[in-house]
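[1] quick one, structure for this:
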Amino acid sequence: MDPARAPRLLEGLLRKEIHLWIGAWLKDAPRRKALRERTFSGPRHLIFATCDHYEPLHGKPSHETGRARVQRWRTDYPKLAKDLRDANGRPPRHSFFFPGEEYHREFLEPLRELVELGYGEAEVHLHHDRDTRESVREKFVETLELLARHDLVVREGEGYRWAFIHGNWSLANGRRDGMHCGVDDELELLYELGCYADFTFPSAPDDECQPAILNSIYYPDGDLSKKRAYEHGTAAKVGDAKRERVLLIEGPLAMSLRRAKNPFRVESASLQASDPPTKKRLDTWIEQGVSVRGREEWVFVKVHTHGAPEKNADVLLGDPARRFHEDLLRHYNDGTRWQTHYVTAREMFNVARAAMDGKDGSPAAYFDYEIPRSPASARAPR
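    The predicted structure is shown next:
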């Protein structure tokens, strides 16, 4: 690289908020190296989830455009997945994190049909700004009740069990300016309302909410009433007890080198039109070794996307996704070295909890380990 370009490159990396996490990633290098060199006695298991910030009205289009976007998924996702099967004979499963503020009945009914056909599940997404604990509580409760109308959320007594992705990444008031949230003790409130897991991170590149903890499954430590309480935690390991707080399940985050004008790439497992899924990216995701420590043969890969807009849907429902899944199953589902398990966010949480409780063997035995299926999901093929 031309030394004259170094200052500009550094400035660009700082704009991407890389200083928030790069030290932790470099410090974690010995663990990743040990995993690459380790010999496993049986097959490793790839636990793969696609978590979609599914916003039919992303970009503020017309209602008709939003409805057409959802209908396209209802029509084309079964076509994409019809003959793709994992080690359990299941197709790729999509987790639709639906924003409560975009609710319309005709947006949820096609998603319910996909759930009933066995192509995924729905969870909670919410964009909110300058809220109080009381005002955002009302928004969460309203969103849960709306999803429940369509049998898309797990009922428990008079409440619900659900997973969450925060709109604009600003979990627990994570931005410096307090925008897009406003509630310091949001993690505490989420657990009170029945949220069992958060799938917001990574938010890199470019986002200031990204924690220094990365490539981890962990419970936040300390006082959950504090802003950015997710900044402190310890990676979950076999033998850890269940804790009375939300479990954070992160997708892979890495700095990778490439031969290009800009030699550095922040890999945050985001799928979009400008960055479709590829076998090379998949290898990088797996190399980060997201796992419950002590059960490293179960590798968790959570990717994220905004799948409703047309350009991203072209990738996720078209040839790029098809080629990606064919490569994934070819290289990571031979039954000897690897078995692939397509899971929803709920199933990923259940497998993580089973690992913490010391369960082993095939993760497929634990898809419903702690949190049961929603009514719509319960009607899907097993």
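[2] may I have the biggest helix by length in the chain exported as CSV, CA atoms only?
    With residue count as the measure and DSSP state H as the assignment, the chain has helix 63-81 as its longest helix. Taking C-alpha atoms only, helix 63-81 is exported to CSV below (Å, rounded to 0.1, in the frame of the first residue of the first chain):
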residue,chain,number,x,y,z
HIS,A,63,-48.6,1.2,1.1
GLU,A,64,-49.1,-0.6,-2.2
THR,A,65,-45.3,-1.0,-2.6
GLY,A,66,-45.1,-2.4,1.0
ARG,A,67,-47.8,-4.9,0.2
ALA,A,68,-46.1,-5.9,-3.0
ARG,A,69,-42.8,-6.4,-1.2
VAL,A,70,-44.4,-8.8,1.3
GLN,A,71,-46.3,-10.7,-1.4
ARG,A,72,-43.1,-11.2,-3.3
TRP,A,73,-41.6,-13.0,-0.3
ARG,A,74,-44.7,-15.1,0.1
THR,A,75,-44.4,-16.2,-3.5
ASP,A,76,-40.7,-16.4,-4.1
TYR,A,77,-39.2,-17.7,-0.9
PRO,A,78,-40.8,-21.2,-1.2
LYS,A,79,-39.4,-21.3,-4.8
LEU,A,80,-35.9,-20.5,-3.5
ALA,A,81,-36.0,-23.0,-0.7
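[3] centre of the chain to the helix or strand that that helix is followed by, how far?
    For helix 63-81, the following helix or strand on the C-terminal side (DSSP states H and E) is strand 94-99. Relative to the centre of its chain, strand 94-99 is centred 10 Å away, using C-alpha atoms, centre = their mean, to the nearest Å.
[4] quick one: contacts of strand 94-99?
    The contact list for strand 94-99, computed with C-beta atoms under 8 Å, 6 or more residues apart in numbering, reads 49-55, 77, 107-108, 111, 114, 119-127, 143, 147, 152, 163-165, 167, 199, 307, 344-346. C-beta coordinates here come from the backbone N, C-alpha and C atoms, glycine included.
[5] now it against helix 63-81, angle please.
    Relative orientation of strand 94-99 with respect to helix 63-81: 160 degrees, computed using axes from the mean of the first three to the mean of the last three C-alpha atoms, to 10 degrees.
[6] quick check: mean pLDDT across the following helix or strand past strand 94-99?
    Going down the chain from strand 94-99, the next helix or strand is helix 105-116, by DSSP H and E. Confidence over helix 105-116, taken as the mean pLDDT, stands at 98.
[7] buried stuff in helix 105-116?
    By 16 or more other C-beta atoms under 10 Å, the buried positions in helix 105-116 come out as 107-108, 110-112, 114-116.
[8] which element follows that helix toward the C-terminus?
    Scanning forward in sequence from helix 105-116, with DSSP H and E defining helices and strands, the next element found is strand 120-126.
[9] got the CA positions of that next one in CSV?
    Taking Å, rounded to 0.1, in the frame of the first residue of the first chain, the C-alpha atoms of strand 120-126 are listed here in CSV:
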residue,chain,number,x,y,z
GLY,A,120,-39.4,-19.4,9.3
GLU,A,121,-40.8,-17.5,12.3
ALA,A,122,-41.5,-13.9,13.2
GLU,A,123,-40.1,-11.8,16.1
VAL,A,124,-40.1,-8.2,17.3
HIS,A,125,-38.4,-5.2,15.7
LEU,A,126,-39.1,-1.7,16.9
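[10] what lies in contact with the helix or strand just after that strand?
    Beyond strand 120-126 in the direction of the C-terminus, DSSP H and E gives the next helix or strand as helix 133-149. With C-beta under 8 Å, 6+ apart as the contact definition, helix 133-149 has outside contacts at 98-101, 103, 105, 108, 122, 124, 126, 128, 131, 153, 155, 160, 162, 182-183, 185-186, 189-190, 193-194.
[11] buried sites along helix 133-149?
    Residues of helix 133-149 classed as buried: 136, 140, 143-144, 146-148 (neighbour count, 16+ other C-beta under 10 Å).
[12] just stretch 307-315 next, same as before
    For stretch 307-315, the neighbour count (16+ other C-beta under 10 Å) marks 307-309, 312-313, 315 as buried.
[13] so which residues of this structure form strands?
    For the chain, strands defined by DSSP state E occupy the ranges 44-53, 94-99, 120-126, 154-156, 159-166, 195-198, 217-220, 233-235, 247-249, 254-257, 264-267, 270-271, 298-305, 338-342.
[14] and residue 352, which of those strands is closest to it?
    strand 217-220 (5.3 Å; C-beta to C-beta).
[15] dump that closest one to CSV, keeping only the CA atoms.
    Output for strand 217-220, consisting of C-alpha atoms alone and laid out as CSV, is shown next (Å, rounded to 0.1, in the frame of the first residue of the first chain):
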residue,chain,number,x,y,z
ILE,A,217,-23.1,-15.3,23.1
TYR,A,218,-23.4,-13.7,26.5
TYR,A,219,-25.4,-12.3,29.4
PRO,A,220,-24.7,-8.7,30.2
